[in-house]
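K.L.:
here are the coordinates; sequence isn't available:
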């Protein structure tokens, strides 16, 4: 059983809660009441950065063969299992006609869960590049910057990419940030004064984003100011990593972070079903955000029960065995 890095589990848990809340608003209200550029983009790129953090191995070179098997076992196979299992219930809940050909095509082309598909492809490309350049950070930066530019170009010519290759190319740079952070971690400041400075800079940057009406969406890629976007990613990473390294652990957030993969697969289905049930019993959104928080609390509880059940009784669908579940 690998040792957990508790502060990263806590941060990943917070990111997962943010994604669940975003989906709850989308399904329950029908739109986002809170501007998504204030938190959703940050939750997504932090997920990628955390994944990059774990790719770096302080005690030796990354084993490509082992990592590829891990990607297959913990990302690709669960992707097919969960998206297949949830496709028909989601179609029925949405009131759509069952289009089995369309559902199958959606799954096979990586459209059924964009984040997991993009993460899997990004990690494969990143690991392969690491092997080719023998871990040279300068070459990795050159390659990942190029793939980031390629992702921008792709976003201008098409809104559909096989297995989310556009977001995968963008995510390679996020993976590199996490990888480099881990590699140079002893040299990165983490004192309280520095963290406060980063947090304040992050807050002021968000105020500017809202007032200047800047879009920072990474799916589908719609970024209106790449300088601000780059600053948002770097400052956000330093601020959140520094903050969570110094905060006491929250058992609930940590548990969610450890099991975030299943939460992510459920974050579309559970909010949808809870919203449909709320409408059925007359619990409509009435411009009171209290009702949104109630709906979100139900979504979080139901998602947690389902996630616990899956890890407890059928952990193999997540790439784990009964002996190494946590």
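P.N.:
Alright, I've got the coordinates. Quantities reported herein were computed from a predicted structural model and do not represent experimental measurements.
K.L.:
longest helix in this protein, please.
P.N.:
In the chain, taking DSSP state H as the definition, the longest helix is helix 289-313.
K.L.:
which stretches of this structure have low pLDDT?
P.N.:
Segments of the chain classed as low confidence (criterion: pLDDT under 70) are 1-3, 321-326.
K.L.:
where along it do the strands fall?
P.N.:
Along the chain, counting by DSSP state E, strands occupy 216-218, 221-223.
K.L.:
just how off-centre is stretch 142-162 within its chain?
P.N.:
On the basis of Cα atoms, centre = their mean, to the nearest Å, stretch 142-162 sits 19 Å off its chain's mean C-alpha point.
K.L.:
and for stretch 206-222?
P.N.:
For stretch 206-222, the separation from the chain centroid amounts to 18 Å (computed by Cα atoms, centre = their mean).
K.L.:
for stretch 202-222, same thing?
P.N.:
On the basis of Cα atoms, centre = their mean, stretch 202-222 sits 18 Å off its chain's mean C-alpha point.
K.L.:
pull the residues that contact it.
P.N.:
Here stretch 202-222 makes contact (Cβ atoms under 8 Å, 6 or more residues apart in numbering) with 35-38, 41, 44-45, 114-115, 118, 151-152, 154-155, 159, 166-167, 170, 223-225, 228-229, 231-232, 235-236, 239. Just so you know, the C-beta spots here come from the backbone N, C-alpha and C atoms, and that holds for glycine as well.
K.L.:
show me just the buried residues among the residues you listed.
P.N.:
Neighbour counting with 16 or more other Cβ atoms under 10 Å marks 36-37, 41, 44-45, 114-115, 118, 151, 154-155, 166-167, 170, 223, 225, 228-229, 231-232, 235-236, 239 as buried within the contacts of stretch 202-222.
K.L.:
where along this protein do the helices fall?
P.N.:
Ranges of helices in the chain, per DSSP H, are 6-28, 40-55, 64-71, 77-93, 100-108, 114-133, 137-157, 165-183, 192-211, 226-246, 251-258, 260-280, 289-313.
K.L.:
adding distance to residue 217, write the ones you listed out as TSV.
P.N.:
Converted to TSV, these look like this (distance: least, Cβ to Cβ, whole Å):
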stretch	distance to residue 217
helix 6-28	12
helix 40-55	6
helix 64-71	26
helix 77-93	22
helix 100-108	21
helix 114-133	12
helix 137-157	10
helix 165-183	11
helix 192-211	12
helix 226-246	10
helix 251-258	24
helix 260-280	17
helix 289-313	21
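K.L.:
just the ones you listed: most buried one?
P.N.:
The highest mean neighbour count among the helices of the chain, using mean count of other Cβ atoms under 10 Å, belongs to helix 165-183: a mean of 24.
K.L.:
show me the domain layout of the chain.
P.N.:
Domains of the chain are assigned by automatic domain parsing as 1-34+250-321, 59-246.
K.L.:
in TSV: those domains, plus distance to residue 49.
P.N.:
Formatted as TSV, the domains of the chain follow (distance: least, Cβ to Cβ, whole Å):
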stretch	distance to residue 49
domain 1-34+250-321	10
domain 59-246	4
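K.L.:
sorry, back to before: specify the angle between the longest helix of the chain and helix 260-280 in degrees.
P.N.:
Here the directions of helix 289-313 and helix 260-280 differ by 130 degrees (axes from the mean of the first three to the mean of the last three Cα atoms, to 10 degrees).
K.L.:
contacts for helix 289-313?
P.N.:
Residues outside helix 289-313 that contact it (Cβ under 8 Å, 6+ apart): 17, 20-21, 23-25, 28-29, 33, 256, 259, 262-263, 266-267, 270-271, 274-275, 278, 283-285, 317-318, 320, 325-326.
K.L.:
what sits against residue 103?
P.N.:
Residue 103 makes contact with 87, 88, 91, according to Cβ under 8 Å, 6+ apart.
K.L.:
quick check: the second one touching residue 98?
P.N.:
So the one you mean is residue 88. Yes - with contact defined as Cβ atoms under 8 Å, residue 88 reaches residue 98; the gap is 6.6 Å.
K.L.:
hmm, residue 246 and residue 192 touching each other?
P.N.:
Yes - taking Cβ under 8 Å as the definition, residue 192 is a contact partner of residue 246 at 7.0 Å.
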